[in-house]
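Q: build me a model:
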Amino acid sequence: MSKNGYVYIMTNKNNTVLYTGVTNDLVRRVYEHKEKVVDGFTKRYNVTKLVYFEPFDDIEYAIIREKQIKGGSRRKKIDLIENINKEWRDLYTEITGQK
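A: Next up, the predicted model:
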């Protein structure tokens, strides 16, 4: 996990809310969402499950991709997720090795 940028999509327990974000440290950022460290949308809507991410060598490309995903429809976001994660499992365990 040594890329310079990530775009990610997170959801809540029932997969009803989608949040798209960008970060230079995916493990740290997802941890912050899970622990509700920062007030805002993800804390308010209990968004704690990482269901999609894309690594980038350059944070600028990650930011461009984030804007592209955010500009797309909910259906397009669901298709992105289900293309790599049909079960909508929490990928945080895979990137951290935790259970």
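Q: what ranges do the strands span in this protein?
A: For the chain, applying DSSP state E gives strands covering 5-11, 18-23, 49-56.
Q: redo those strands as a markdown table? Include mean neighbour count.
A: Placement of C-beta: from N, CA and C, glycine included. Formatted as a markdown table, those follow (neighbours: other C-beta atoms under 10 Å):
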| stretch | mean neighbour count |
| --- | --- |
| strand 5-11 | 24 |
| strand 18-23 | 20 |
| strand 49-56 | 21 |
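Q: out of these, which gets nearest to Ala62?
A: In terms of C-beta to C-beta, the element of the strands of the chain nearest to Ala62 is strand 5-11, at 3.1 Å.
Q: direction included, what does that closest one pair against?
A: strand 18-23 (antiparallel), strand 49-56 (antiparallel) (DSSP bridges).
Q: mind checking how far Asp25 is from Asn12?
A: Distance, Asp25 to Asn12, by C-beta to C-beta, to the nearest Å: 22 Å.
Q: just send the strands paired with strand 5-11 back as a markdown table, with mean pLDDT too.
A: Output for the strands paired with strand 5-11, formatted as a markdown table (pLDDT from 0 to 100):
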| stretch | mean pLDDT |
| --- | --- |
| strand 18-23 | 98 |
| strand 49-56 | 97 |
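Q: now distance to Thr96 too, for the ones you listed, in JSON lines please.
A: Formatted as JSON lines, these follow (distance: least, C-beta to C-beta, whole Å):
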{"stretch": "strand 18-23", "distance to Thr96": "14"}
{"stretch": "strand 49-56", "distance to Thr96": "10"}
